[in-house]
Structures are given as C-alpha cells and as structure tokens.
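K.L.:
just the structure for this:
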Amino acid sequence: MTDIMKTNQNCIPLCPGTELYVIPKDTFKTDFIMFSFTLPLMAETAAEYALLPSVLCRGSEQYPTLEDLAKRLDTLYNAGIAGRAHKRGEAQVVTFQLRCLAEDVVPPEDENEGPLFVSLLDTFCDVLFSPLLENGVFSPAYVDGEKKNLCDAIRSKINNKASYAISRLDEEMFAGETYGISSRGTEESAAAVTPASLYRCYLDMLSRAPVSVTYVGRMTADEVTSALARFISHLSSFREENPTLYAPQTQVIRTAKHPLHRVEESMDIRQSRLCIGYRTGSVLSDGDFYRFALFNELLGGSASSKLFLEVREARGLCYDCASYPEAQKGVLYISCGIAADAKEEAEEAIASQIAAIRDGDITDEEFFAAKKSLVSGYREIEDSAAAIAVWYANRRAAGIATSPEETAEQVLSCTKEDMKQCAEHLTEDTLYFLRGTCTDGDGEEDWDEDTN
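P.N.:
Below is the predicted model:
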C-alpha cells in the first residue's frame, strides 16, 4: 500500500475548515507535524502574513521572550517550532513546522510533563493562540523588530543578482496577475504595518483560513488526533459553526498572449543576468506534470542537462545556466549569468536547445541521465520528514494523489515523444536582461547563487 493511499484513509476532519493527514513512517526517530494556513495572496496583506510567523515566535504570554521559548524547547529534548510564509501559486501559505524526538527514543515521560509530542503541541498552542499582547494588540517592540528584519531582507534582495533578476522578471511577466505579488510584500507595505493591523490579520487567519495539518511519524491517526485536542479546541473558538473560508484560486495562463516582452536595465556590476519566463501549458493539477518535470531536468534542471552541457560547457557562453518550473502557476524560468556582449548569442543558444528537444534531438544517454537525476531527487524526499510533508501538501493543493515513489515510476515510463510535446507547448512570454556596465573591475561584486 502506497503512502498516499494510507494518507487518504487517514484524512480526518478536526473542526470546520481543518483536516489532519497522517503519513505513517517508522524510518524516523522523530515526530514531525506541519500546520498550513492558506490565505489569498494580496498586496494589502502580503507583508502582514510574512511578518506574522516571526512575531508569534518572538514570544507568548507564557514564554514572553525568545530566550524563554528556547529554554522551554530545550526541556523537550531540543524540540523545534519554526514558522514562515511562502507563495504557493496565487495563495499565501503561513506554515508552522514542529519536530521532536519520538516517544520510544527518550526516557520515560515525567509525570508532570506528559508525552513529549503532546507537550510540544501544548507549547505551540501557547505560541499560536496566546501571543504576547499590549493594549489588546501585538507587542509594538516585537512588531517593530520583525518589520526591520523584513525590510532588511527585502532590501538585501538586490545583493543577490540572480534572485533580483528573477524577481524583476516576475514583476514584468505577471503585471496585473496575482502571482506578481511578492510573498514578502514591499518595503513600503512592510513599513506601514502596525501592531493593530497585524493583529487584525492574525484574527482573520484563525477564523477564515483553511488549515491542513500534516503529520509524519510513528503515531497512529487516533493518537495524533488525541494529541491535537487543545489545538482543535482553541481554533474552534475562533470559528463559526459554518465559517466562510478562503478558497484561493490560481489563474493559469497556458500560452503567452503577446509577442516576447523584452525589458532591459543596467547596473554597475561585472556580470550580466539573462532571465526568460515561459508559459508551459502544464500545471501540477493536470495529473501528468511529471512529464514536464522530466522535460525541465533534460533542458536545464541538472548538471547533465542540455543548457549546462551545451550552453555553458561546450560553448562557454555563461557562468551558470539553469531552468526551473513553478508547478502551480505553469511557468518555466531560465536564468543565466553572462557577459553583456554575449546576450544575443546566449538567447540563440537557449532557443536552439529547446528546439532540439522539440525536434526529438535527444540522445539515449542524456535522456537516461535526466531520468536518473529526477528519480533520485524524488526518492531522496523519503529521507526527510519535512520534505515528505511539503510534498503531500503541495499535491493536495493541486488535487492529485501520488507518492514520490509513484511519481518516480511515472517518470521512468516517459518517452522522448513526451519531451517533444512539452517543448511544443512552451511559449516565450517575457525576457529580462540586467546589463552589467562595469568593465574596469571596480564594479559592485555580485555573488551568483543557483536559484533552482
């Protein structure tokens, strides 16, 4: 029986808008649980929800400082609570990940403490449902501190030119689409957040966001449900009997609706960045996205890909060159670092590799290498409880049900004809070029990192 079949059997409604998914795994010595609150991605609230997890984890009524919370987690054998907000298609998802040692690998429970997993969940409930408040809103000191951190993070994006260029591509390619909104918001919107506005978003999240709870570990569904009793009780207190829940929808545009949109900007840096965004015609919810995932691996997703071997190694046109997809939105990115005068030649070289796949110019060796690389990546997911939880959460959001191993088997069944069809459906939408103007070696250093 596959993991996803077990998960479907153990999908348990907890309270209105909240479901528990239990993925039994006896290969880990830990219990892992992830709480995902799904919200609409909106410019007005993106910064608030980006701030919310960090403000909540700064302190609660019972553990008012980071030090107090850290000491509490240390007493639970160095358990962990971490929160973040990210973008999934055109939804903003606030997640909290909890981990602790499994009960059978720690000494017998303290009579005053109770089971380790229950104690961790109780601590999380203190963090989530009893935040540190002043005058009925979040602590101004904590909000101001996290606002500074968020603004610094937004400003620092320009220091990584590969990441900055992709963000500019997003702004241009998705102007007028929800997907163009950053999950961090803007520096201006972050600076405008107040303790009161953040608290209103917090209450709105608890009352209207669908919640997916994913557990990975050795416990049974009944045991996990029982351990969640306090969480269920608290969350239910924020919700009406039949609440009106958010239901974010991602707009999928399968084909570029205009000729290639070109944008060029200059900066005093030595290395230029060329980024191209494509509409793919394929999304995760189609059920056969594994074909496009293999196409991406073949094109530019690995060190054995056409872009890496042909454009970078054989022709020496770029310092780095890679492709990566966004499965919920149906987008493919190609990003490379090049010399400014190599732009046209790099464009031609990238287009030629896509055309090669479209024409069936795929050797047995490179097709085998792409399959091997992607299948290995899927199978490595089983080595991490967090990766397993994220895998299934993304697929539930897309309405599909395949385990990593099942998907690996699907990849192995793909044909070269499948790759040709993926290439045929690919259409160029937007090209962003960040031209480096420094020629004397004194320009700003730009540290390139793989954004895949």
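K.L.:
how near is Ala46 to Phe35?
P.N.:
20 Å (Cβ to Cβ, to the nearest Å). Placement of C-beta: from N, CA and C, glycine included.
K.L.:
what's the domain layout of the protein?
P.N.:
3-237, 261-436 (automatic domain parsing).
K.L.:
next one: the last one to chain centre, how far?
P.N.:
If I follow you right, that is domain 261-436. Taking Cα atoms, centre = their mean, to the nearest Å, one finds domain 261-436 lying 17 Å from the centre of the chain it belongs to.
K.L.:
report the secondary structure state of the residue minimising distance to the centre of the chain.
P.N.:
Compute the mean C-alpha point of the chain, and by Cα atoms, centre = their mean the closest residue is His86, 5.6 Å away. With DSSP: H, G, I helix; E, B strand; the rest coil as the basis, His86 sits in strand.
K.L.:
my read: it touches Ser183, true?
P.N.:
Yes - contact status for His86 versus Ser183: in contact at 5.5 Å, counting by Cβ atoms under 8 Å.
K.L.:
quick check: neighbours shared by the two?
P.N.:
Gln92 (Cβ atoms under 8 Å, 6 or more residues apart in numbering).
K.L.:
let me have the domains of the chain in a markdown table, adding mean pLDDT and distance to Val252 as columns.
P.N.:
A markdown table is the format used below for these (pLDDT from 0 to 100; distance: least, Cβ to Cβ, whole Å):
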| stretch | mean pLDDT | distance to Val252 |
| --- | --- | --- |
| domain 3-237 | 93 | 9 |
| domain 261-436 | 96 | 5 |
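K.L.:
reformat these as a markdown table; add distance to Pro248.
P.N.:
Below are the domains of the chain laid out as a markdown table (distance: least, Cβ to Cβ, whole Å):
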| stretch | distance to Pro248 |
| --- | --- |
| domain 3-237 | 4 |
| domain 261-436 | 9 |
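K.L.:
and Ala247, which of those is closest to it?
P.N.:
Comparing the domains of the chain against Ala247 with Cβ to Cβ, the closest turns out to be domain 3-237 (7.5 Å).
K.L.:
would you map the helices across the stretch 251-400 of the chain?
P.N.:
Per DSSP state H, counting those that start in this stretch, the stretch 251-400 of the chain carries helices over the ranges 289-299, 306, 343-358, 364-380, 385-398.
K.L.:
out of the ones you listed, which is closest to Leu51?
P.N.:
Of all the helices of the stretch 251-400 of the chain, helix 385-398 sits nearest to Leu51, with 21.9 Å by Cβ to Cβ.
K.L.:
which residues does that closest one contact?
P.N.:
3-4, 7, 21, 23, 25, 28, 30, 32-34, 36, 38, 88-89, 91, 97, 99, 212, 214-217, 283-285, 327-328, 380-382, 401-402, 404.
K.L.:
so what's the gap between stretch 45-56 and the chain middle?
P.N.:
With Cα atoms, centre = their mean, you get 16 Å for stretch 45-56.
K.L.:
what do you get for stretch 132-150?
P.N.:
26 Å.
K.L.:
can you tell me the distance between the two ends of it?
P.N.:
Using Cα to Cα, to the nearest Å, the end-to-end distance of stretch 132-150 comes to 20 Å.
K.L.:
next, the buried residues of it.
P.N.:
132, 137-139, 142-143, 146-147, 150 (16 or more other Cβ atoms under 10 Å).
K.L.:
what bridges to Asp22?
P.N.:
You called it Asp, but residue 22 is Val. Here Val22 sits in beta bridges with Tyr215, as judged by DSSP bridges.
K.L.:
from Leu76, how far out is it?
P.N.:
As defined by Cβ to Cβ, Val22 lies at a distance of 21 Å from Leu76.
K.L.:
and Asp359, how many neighbours?
P.N.:
10 (other Cβ atoms under 10 Å).
K.L.:
return the residues in contact with the residue nearest to Glu177 when sequence neighbours are not counted.
P.N.:
Distances taken as Cβ to Cβ, 6 or more residues apart in numbering place Gln251 nearest to Glu177, at 6.2 Å, with adjacent residues excluded. Contacts for Gln251 (Cβ under 8 Å, 6+ apart) come out as 90, 177-179.
K.L.:
just Phe28 next, same as before
P.N.:
If you count contacts by Cβ under 8 Å, 6+ apart, then Phe28 has 102, 216-218, 385 around it.
K.L.:
kindly report the same for Ala85.
P.N.:
With contact set as Cβ under 8 Å, 6+ apart, Ala85 has these partners: 49-50, 52-53, 92-95, 183.
K.L.:
then Leu426?
P.N.:
Listed by Cβ under 8 Å, 6+ apart, the contact set of Leu426 reads 278-281, 332, 354.
K.L.:
for the closest residue to Glu44 other than its chain neighbours, grab the count of nearby residues.
P.N.:
Among residues not flanking Glu44 along the chain, Ser189 sits closest, at 7.6 Å (Cβ to Cβ, 6+ apart). Ser189 has 20 neighbouring residues, counting by other Cβ under 10 Å.
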